[in-house]
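Engineer: heads up, no residue letters with this:
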């Protein structure tokens, strides 16, 4: 029997994705559905699988009415992500623009700035980021955390600035004290922006030069529109990265509950969290789509 | 703007005069405002250059600081931690800390085990993800967009949500284990996949390993960007789709394959969450490092004669970090070009 070409091609398509499809059903879709089911249950691990009884929305109402930590952590994580994400984007774009210029030692600088890409996802980062109070060595003053000191406060005192409101000052301190985290979590973003910058067509550069655009104008009128699709990609990447990091507070709380065998409750918390991530990513995509410039071929 | 249109044009001058001479002559023809504007521009340029190198130097230092500190700590003797004059350069150079950490981490064995797990998983995962990405990029089939939506979902869903159920799947081998156990206990324990490398291999083999969704997405974007003519030509020559993929598309995509592979190796090397779910022992490098403190107190500081303050423990921790990142660093130094330049060809951009 000979199938028509289109049909055959469609079958080949299924052939190409078959392995992934089987794997996804086993290792992704089924676990996803099961964990959603657990979130409505009071489950205990028994021989052969999870056993338990349905409790309806009890787990969910427990999250928001009884658990004192969850909402608190959630607000904190959301707030930090909301502040850090734009900072990371602006910072990495700035660094990418600099690294795209010609200067001596550029290769070295690039290598150093991409270095976090290979280290920041691992446990080493947690250790060097000073997250060792959990592991017992909390009195480690001279650990690799010299950036946690109150340099800005001292600078303000030195300059004789006292009148700033507490909020402004703590905001500035939050940013400056976080320089370490900022630089260390921008590796991939810098990489993506740099690649996007190098994809700006030469004709656009030449046109701007002929018209006599300054570097400032060039950045706003040429660079920014051309990299805008990548800003969206970086935004989503940053948001997901900060939400799903295992050292994130909410995630830590979920894992703690799991350690206490509260699987149903842990699943409910994870699902609330996941829906918030989805909503955040959806909102960002919607908003950004209004500002993105796509080059039409 | 006037300065720019009449900027010195050294190239078109006659060959007889030197560049300096040309520029001097040109300057004579300019008006005063033009010269001032030029000078201002040069001054601004200089200022920017100085500022830029300051910024870059500072930030590079921030990035390199922990690594430098690791090196400094790993070779330093215990008593240097209490010597206030020692900041960077140790007074007593020693290898003993490094050696002790090496043995506490069982470095040789851990390294080989991690390496096999890493390379193996990355290899199959990249291959399967490339296949899947190609399928999504080039073939039209029913519910393709829906299935690709699942890929996007895989990028978004945190592993923490599904890891419990995955644990149960491996523990009871998809429900096979209780059946096997009824036949014989030995068979039953053989079908308990926890602590077996299969827990990493199986998902990777089916394109569901660590960050597989992202890889499929990258490959799909990449193959979409490749010219269709190649495949049409191959089809006309009687080449089937699988052979076209193997013999026509793969060689063209080798740079992108390498980049994704390298990233995959890095992600597997650094992963401690997924492996801590499926392994009860510290069998990979990342797990070993994550639990280094317990491991150290178990192996090194166990006897009553050893007295180590938390401040001194830093030395062993830093030495452990150094040992754990060293292979990655080495790989990065030699293959840095593929990490950074490959991403342009990987299809993530453009």
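Structural biologist: In hand now; what should we look at? Keep in mind that this is a model prediction, so the values were computed, not measured.

Engineer: Tell me which stretches of the chain form strands.
Structural biologist: By default, I'm working from chain A. Here chain A has its strands, by DSSP state E, at A:41-46, A:49-54.

Engineer: which outside residues touch the last one?
Structural biologist: This points to strand A:49-54. Residues outside strand A:49-54 that contact it (Cβ atoms under 8 Å, 6 or more residues apart in numbering or on different chains): A:34, A:38, A:40-45, A:263-264, B:168, B:172, B:175. For every residue, glycine as well, the C-beta is placed using N, CA and C.

Engineer: quick revisit: deepest of the strands of chain A, which one?
Structural biologist: Mean neighbour count (mean count of other Cβ atoms under 10 Å in any protein chain shown) peaks for strand A:41-46 among the strands of chain A, with a mean of 16.

Engineer: what lines up beside it in the sheet?
Structural biologist: Strand A:41-46 has the following strand partners under DSSP bridges: strand A:49-54 (antiparallel).

Engineer: how about low-confidence regions in the chain?
Structural biologist: Assuming you mean chain A. A:1-2, A:47-49, A:129-167, A:169-177, A:246, A:295-297 (pLDDT under 70).

Engineer: you looked at the wrong chain, it should be chain B
Structural biologist: Applying pLDDT under 70 to chain B flags residues B:1-16, B:303-307, B:310, B:340-350.

Engineer: what's the longest helix in the chain?
Structural biologist: No chain specified, so I'll use chain A. Longest helix of chain A, by residue count under DSSP state H: helix A:68-100.

Engineer: Wait, chain B was what I had in mind.
Structural biologist: Counting residues, the longest helix found in chain B (DSSP H) is helix B:32-74.

Engineer: Do that one and chain A come into contact?
Structural biologist: Yes. Using Cβ under 8 Å from any Cβ of the partner chain, helix B:32-74 reaches chain A at B:49, B:52-53, B:55-56, B:59-60, B:62-67, B:69-70.

Engineer: Hey, what's the angle from that helix to helix A:68-100? Just curious.
Structural biologist: Angle of helix B:32-74 versus helix A:68-100, following axes from the mean of the first three to the mean of the last three Cα atoms, to 10 degrees, is 130 degrees.

Engineer: any idea which helix or strand comes after helix B:32-74?
Structural biologist: Remark: after helix B:32-74, the chain's next helix or strand is helix B:96-104, criterion DSSP states H and E.

Engineer: Show me which residues of the helix or strand where residue B:242 lies are buried.
Structural biologist: Using DSSP H and E, the element containing residue B:242 is helix B:241-244. Across helix B:241-244, burial judged by 16 or more other Cβ atoms under 10 Å in any protein chain shown covers B:241, B:244.

Engineer: And the residue of the stretch 201-350 of chain B closest to chain A?
Structural biologist: Chain A sits closest to residue B:206 of the stretch 201-350 of chain B, with a gap of 2.3 Å, by Cβ to the nearest Cβ.

Engineer: Surely that residue and residue A:22 touch.
Structural biologist: Yes. At 5.9 Å, residue B:206 counts as touching residue A:22 under the criterion of Cβ atoms under 8 Å.

Engineer: Looking at those two, which has the bigger crowd around it?
Structural biologist: The residue with more neighbours, out of residue B:206 and residue A:22 and counting by other Cβ atoms under 10 Å in any protein chain shown, is residue B:206; that gives 24 against 13.

Engineer: Need the nearest residue in space to the more buried one, chain neighbours excluded.
Structural biologist: Among residues not flanking residue B:206 along the chain, residue A:23 sits closest, at 2.3 Å (Cβ to Cβ, 6 or more residues apart in numbering or on different chains).

Engineer: Now for that neighbour: which residues touch it?
Structural biologist: Neighbour list for residue A:23: B:128, B:203, B:205, B:206, B:207, B:208 [criterion: Cβ under 8 Å, 6+ apart].

Engineer: ditto for residue B:281
Structural biologist: B:195, B:287.

Engineer: Then it would be within a helix, right?
Structural biologist: No. Counting by DSSP: H, G, I helix; E, B strand; the rest coil, residue B:281 is not found in a helix; it is coil.

Engineer: didn't residue B:75 look like it was pressed against residue B:94?
Structural biologist: Yes. Assessed by Cβ under 8 Å, residue B:75 is found in contact with residue B:94 at 6.7 Å.
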